[in-house]
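> Could you work out the structure for the sequence below:
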Amino acid sequence: MENEFVRAALGGALIGISATLMMVGLGRVAGITGIAHGVLRPVAGDLRWRVAFLGALVVTGAVLAASMPGGFAVTTGRSAAAMAIAGLLVGFGARLGGGCTSGHGVCGLSRLSKRSLIAVVTFVSTGMLTVWVTRLLTGGV
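Here you go, the predicted structure:
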């Protein structure tokens with residue numbers, strides 16, 4: 001348990017530091033959905049940093065996964081198709097919500113954005129409702 005707490009605290013600190021450096025250094029919000037959207041629909045002169053940022057995320061994840069065998073094991077028991085569908089639904093929700101949970105929760109709330117506060121309250125309450133309904137329908141599993 002303690003190890004999980006330390007990892008979560010370190011991860012949270014890294015996310016906070018990254019978001020701060022992005023805002024201070026580039027004057028940009030570190031919302032992944034917006035960054036990815038800018039790669040898919042590029043504006044002249046605004047593509048290079050976005051590709052570098054997303055590429056660094058992928059490379060860092062690959063390096064960490066290679067250096068920590070079993071540290072990123074998928075233990076959901078779900079099929080690849082189910083996980084792909086879930087990923088598409090998350091992407092749709094992020095687009096519908098005007099950004100992802102990290103963008104609203106980390107960057108938006110730290111800037112005191114009313115829109116992000118509403119989004120985070122919606123994300124959290126919908127998640128809680130989903131867990132409650134799922135447990136109700138599956139008998140608490």
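
> if we look at the helix or strand of the chain at the bottom of the mean pLDDT ranking, which residues are touching it?
Taking mean pLDDT, DSSP states H and E as the measure, helix 101-102 is the helix or strand of the chain with the lowest mean score, a mean of 80. Outside helix 101-102, the residues that touch it by C-beta atoms under 8 Å, 6 or more residues apart in numbering are 15, 30-32, 94, 120, 123. Just so you know, the C-beta spots here come from the backbone N, C-alpha and C atoms, and that holds for glycine as well.

> same thing with stretch 39-55?
Against stretch 39-55 from outside (C-beta under 8 Å, 6+ apart): 26, 32, 35-36, 38.

> Check those for burial and list the buried ones.
32, 35-36, 38 (16 or more other C-beta atoms under 10 Å).

> Distance of R7 relative to F72?
12 Å (C-beta to C-beta, to the nearest Å).

> V51 now?
24 Å.

> now do T130
24 Å.

> which residue ends up closest to the midpoint of the chain in space?
Compute the mean C-alpha point of the chain, and by C-alpha atoms, centre = their mean the closest residue is S102, 4.7 Å away.
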